[in-house]
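J.: Any chance you can model this:
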Amino acid sequence: MRALLALGLAASVSAFTGCAGYKLGTTTSFPAGQHSIQIGLIKNQTAEPRLIEAVNNALRKRFQQDGSYKLDSRGESDVVLTGVITHFDRAGVSFQPADTLTLRDYALTISARLTVRDRATGKIIFDRDVGGRTIIRAGSDLASAERQGVPLIAEDLARNAASLIVDGNW
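T.: This is a model prediction of the structure:
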């Protein structure tokens, strides 16, 4: 009987402590949509074209989906996010099964230095390198596969950036 009671108590305690880290609503210290963010100028210091548009679109989409900040495009936001794409790389991951000289899968990586500045005071409240990564299958046309992979790495970068900016203790 005591064993059954102890087992029931242990199950109850573990059920309640399993949700101890969960928080209903946003993870910011302010209500969702109370503050606004403007996605400002993103520069590209790499030789790879098409990155600015992909990163800009992914950042806008991610902040709209998150909802912690209202996305502002009129220049009246509380904070402004700007950045510089500093790194774009492709590296071989796997080879063709019958040909060990021909790469089959590539890892695409991107890094950007993102800065969030308070519009009113000019104070920098977030300044950090953020990255994104994906794997693409090259097939017979690497350029086409890479074009399809760029939005994926931009989305990964945006997901990581939004998580750091929204949840960060800056």
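
J.: Quick check: buried residues in the helix or strand residue 132 falls within?
T.: Residue 132 is part of strand 124-137, with elements assigned from DSSP states H and E. If you call a residue buried by 16 or more other Cβ atoms under 10 Å, then strand 124-137 has these buried ones: 126, 130, 132, 134, 136. Just so you know, the C-beta spots here come from the backbone N, C-alpha and C atoms, and that holds for glycine as well.

J.: That one - contacts with which helices or strands?
T.: Secondary-structure packing of strand 124-137 (3 or more Cβ pairs under 8 Å, 6 or more residues apart in numbering; DSSP states H and E): strand 79-95, strand 103-118, helix 142-167.

J.: rerun at 6 Å
T.: Applying 3 or more Cβ pairs under 6 Å, 6 or more residues apart in numbering; DSSP states H and E, one finds that strand 124-137 makes contact with strand 103-118, helix 142-167.

J.: of these, which approaches residue 2 most closely?
T.: Comparing these against residue 2 with Cβ to Cβ, the closest turns out to be helix 142-167 (43.8 Å).

J.: Just want the angle from that closest one to strand 79-95.
T.: Counting by axes from the mean of the first three to the mean of the last three Cα atoms, to 10 degrees, helix 142-167 points 140 degrees away from the direction of strand 79-95.

J.: so where's the protein shaky on pLDDT?
T.: The model of the chain has pLDDT under 70 over residues 1, 3-34, 168-170.

J.: repeat that for 80
T.: Along the chain, the parts satisfying pLDDT under 80 run over 1-34, 75, 100, 168-170.

J.: All good on my end, thank you.
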